[in-house]
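Chemist: could you work out the structure for the sequence below:
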Amino acid sequence: MDIAPTVTVDDGSVLRVIAPDRQTVPLVFASPHSGCDYPADFVAMSRLDARALRRSEDSFIDELYAGVVESGAPLISALFPRAYCDPNREPYELDPAMFSGPLPDYANTRSPRVLAGLGTIARVVANGAEIYAGKLPVAEAERRIAACYVPYHDRLRRLVDDTRAAFGWALLVDCHSMPSVGGPMDRDSGVSRVDVVLGDCHGAACAPQFTQVVEDVFLGLGYRVVRNTPYAGGFTTRHYGHPRQGSHALQIEINRGLYMDEAEHRHGPDFSRLRADLDVMARTLAAAAREYHRT
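Modeler: Reported below is the predicted structural model:
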């Protein structure tokens, strides 16, 4: 099928969706951690400067994947930063020590993410530095979740459901980046990382042929690829990845050293090359999805 030449843009205050005028493949791409719109009140209440706050960003991932619309798929991106509210968590993964009052009974206060300081409202940035000098009111967490987390997942769920309704199934590709060296809070602390990590929850979230297609593309382009180590997939992959129900999810982690200056948060010399290679991956995955749809 031909792809319409124009692109529609849904640009809200907390998220952006870019999509072809007509979706032609059962793929949805998402970038939950590339947001860099830092609210002034958040920066003011933080003990860290703006550069330090950006350590948790998957900087420029939304730009790198923007070409997926040419393959017939939509891309949703969070505009709010991960350090402010993390949509790749359960809605209430919260650390009670961060807040001045009691959390709701339904809050998950003991998950590994919370214990690491990286819950829905993070206590630390990616290198372990504390974000806040004091405690936050519980109402602040509730406000961020209502204003950022809920709209993001409402829109993502609609994209996935609409795709399943149109094609009979959907594959959500959750797009992330990782520091080039494991940080002090990571299991691989101090270790130089491979180029690409594919996370499919050890095969539980995505049909193996799709993970294989993506792996083969990256390997063919010369990248070093591993599966599920150190990232097997976050909340989004687990929550949306139910292959038996026609909903697949695959997380892709890209080494930041491939495309950016990690200290200065700017494009690196190979940014355009990686973007072109991701376009190749999207086209190949789209072709595989069309073939799968016909079987």
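Chemist: distance of residue 54 from residue 166?
Modeler: According to CB to CB, to the nearest Å, residue 54 stands 37 Å off from residue 166. Where you see a C-beta, it was placed from the backbone N, CA and C, and this is true even at glycine.
Chemist: tell me which stretches of the stretch 151-295 of the chain form helices.
Modeler: Per DSSP state H, counting those that start in this stretch, the stretch 151-295 of the chain carries helices over the ranges 208-220, 235-240, 271-294.
Chemist: quick one: the longest one to helix 208-220, angle?
Modeler: When you say that, I think you mean helix 271-294. For helix 271-294 against helix 208-220, the angle by axes from the mean of the first three to the mean of the last three CA atoms, to 10 degrees is 150 degrees.
Chemist: what lies in contact with helix 271-294?
Modeler: 24-27, 29, 60, 63-68, 70-73, 167-169, 171, 173, 207, 209-210, 213-214, 217-218, 221, 223, 254, 258-260 (CB atoms under 8 Å, 6 or more residues apart in numbering).
Chemist: same question for the first one.
Modeler: Residues outside helix 208-220 that contact it (CB under 8 Å, 6+ apart) are 171, 195-196, 198, 200, 203, 225, 227, 248, 250, 252, 277, 280-281, 284-285, 288-289, 292.
Chemist: now which of these would you call buried?
Modeler: Among the contacts of helix 208-220, those classed as buried by 16 or more other CB atoms under 10 Å are 171, 195-196, 198, 200, 225, 227, 248, 250, 252, 277, 281, 284-285, 288-289, 292.
Chemist: quick one, strands of this protein?
Modeler: Taking DSSP state E as the criterion, the chain carries its strands at 7-11, 15-20, 27-31, 75-78, 170-178, 196-199, 225-227, 247-255, 260-261, 266-267.
Chemist: so can I have TSV of those showing distance to residue 93 and mean pLDDT?
Modeler: Formatted as TSV, those follow (distance: least, CB to CB, whole Å; pLDDT from 0 to 100):
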stretch	distance to residue 93	mean pLDDT
strand 7-11	27	67
strand 15-20	20	96
strand 27-31	18	98
strand 75-78	16	98
strand 170-178	17	98
strand 196-199	18	98
strand 225-227	25	98
strand 247-255	17	98
strand 260-261	28	96
strand 266-267	31	96
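Chemist: relative to residue 134, which of those strands is closest?
Modeler: strand 75-78 (26.3 Å; CB to CB).
Chemist: and the closest one, which strands flank it?
Modeler: Strand pairing for strand 75-78, determined by DSSP bridges: strand 15-20 (antiparallel), strand 27-31 (parallel).
Chemist: before we move on, back to that, of all the strands of the chain, which one comes closest to residue 98?
Modeler: Nearest to residue 98, of all these, is strand 75-78, at 21.0 Å by CB to CB.
Chemist: give me the contacts around the closest one.
Modeler: For strand 75-78, contacts defined as CB under 8 Å, 6+ apart pick out 14-19, 28-35, 61-62, 65-66, 68-69, 87, 148, 152, 155-156, 159.
Chemist: ok so, going back, more neighbours: residue 54 and residue 166, which one.
Modeler: For residue 54 versus residue 166, the count of surrounding residues by other CB atoms under 10 Å is larger for residue 54: 19 against 13.
Chemist: now that one. Nearest residue, chain neighbours left out?
Modeler: In this structure, residue 54 finds its nearest non-sequential neighbour in residue 265, 5.4 Å apart by CB to CB, 6 or more residues apart in numbering.
Chemist: how many residues are close by the one you found?
Modeler: Counted with other CB under 10 Å, residue 265 comes out at 16.
Chemist: please apply the same query to residue 219.
Modeler: Residue 219 is flanked by 13 other residues according to other CB under 10 Å.
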